[in-house]
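# Below is the sequence, then the predicted model.
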Amino acid sequence: MWLVIVVAVIALLAGLAANRWLRPRLLSEDDGTGMAVKDMVGPLLTMTVLLLSFVLVTANSSYGKAEVASRGEARALDQLVESAEYAPAVQRARIQAGAVCYARAVREQEWPAMSDGHGSPAPSVWSADFRQTFHSLQGTPVFGMLVAADNKRSDERDERLTQASASIPSAIFYFLLATLVITVMALGICLPRKNNRGQLITLTVITALLTTMLVIIRDVDRPFGGIINVEPTAITEVERQATRDFLAHHQATPLPCDAKGNRVAA
């Protein structure tokens, strides 16, 4: 970091020194001529747009990974429920009930927590229960299927929780905000003071577009907590299907959790 700062300062000082001592020898123009402020605003605006575009692509990539992980987790949980059909009745009931409770815990507790970039310990209660049930199935053909599905579920959940945290550091966001402010102010300074209605409209449109891009970046960078957010649609559908399968075989047996996925006393 210090290397970049030192090089930039040296470049600035070298440019100013060249302006003072080399310019008279290289150019025959008067010392009062040169680039006006308006000539320097164009590159500044270009740099601002490029920075915002690059960061928007990064934020959108994080959003896409969060959505893919959410769907992958739901598919793995659904595969776990289907694989449990090949297990003995006792283990099958426990796995399918645990899948319902896991889905409820994710939807009702972990999803709201991810809006702030955090997870919830509630789903881990049921993932631990899965592994405990698998121990009694070691040596059976269904054991490998269940473990593979659960490992996939665990990996996708880890990825989902990773993407819940902001991928763009706060320092970069505030740097972009400062760049936007400087760019808009520089454009405003270069406007004519009279007969400037068209220029004012154009500046307003440019400001609105840059601001909208920055707002979208901020929103997309929080995949589970903004206006453009990832909904728990896939995990909700798996919960519905798992509940249906459980009740089809165990109508008289209550689920071991409440509506929010918390374990209830037997």
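Right, received. Where do you want to start?

# Which positions in stretch 143-156 come out as buried?
Within stretch 143-156, the residues that qualify as buried are 143, 145-147, 149-150, 152-154, 156, counting by 16 or more other C-beta atoms under 10 Å. C-beta coordinates here come from the backbone N, C-alpha and C atoms, glycine included.

# ok, now stretch 176-186?
Buried residues in stretch 176-186, counting neighbours by 16+ other C-beta under 10 Å, are found at 176, 179-180, 183-184, 186.

# Let's see which of the residues you listed end up in helices.
176, 179-180, 183-184, 186 (DSSP state H).

# one step back: from the buried residues of stretch 176-186, pick the one nearest Ala69.
Leu176 (26.3 Å; C-beta to C-beta).

# That closest one against Leu50, yeah?
No - contact criterion C-beta atoms under 8 Å: Leu176 and Leu50 do not qualify, at 11.2 Å.

# which neighbours do these two share?
By the contact definition C-beta atoms under 8 Å, 6 or more residues apart in numbering, Leu176 and Leu50 are jointly contacted by no residue.

# Regarding the chain, what is its longest helix?
In the chain, with assignment by DSSP H, the single longest helix is helix 37-83.

# so what secondary structure elements neighbour the helix or strand following that one?
Per DSSP states H and E, the first helix or strand lying C-terminal to helix 37-83 is helix 89-105. Counting contacts by 3 or more C-beta pairs under 8 Å, 6 or more residues apart in numbering; DSSP states H and E, helix 89-105 packs against helix 37-83, helix 122-135, helix 233-249.

# coming back round to it: ok, so of the buried residues of stretch 176-186, who is nearest Glu239?
Nearest to Glu239 among the buried residues of stretch 176-186, counting by C-beta to C-beta, is Leu176 at 39.1 Å.

# Just the pLDDT for that closest one.
Reported pLDDT at Leu176 in the predicted model: 87.

# go on, Arg75?
pLDDT recorded at Arg75 is 95.

# Dihedrals phi and psi, Cys257?
Dihedral angles of Cys257 (phi, psi; degrees, to the nearest 10) stand at phi -140, psi 160.

# Now for the closest residue to His250 other than its chain neighbours: which residues touch it?
In space, His250 comes closest to Ala93 once its chain neighbours are excluded; the distance is 5.2 Å by C-beta to C-beta, 6 or more residues apart in numbering. Ala93 makes contact with 246, 249-250, 253, according to C-beta under 8 Å, 6+ apart.
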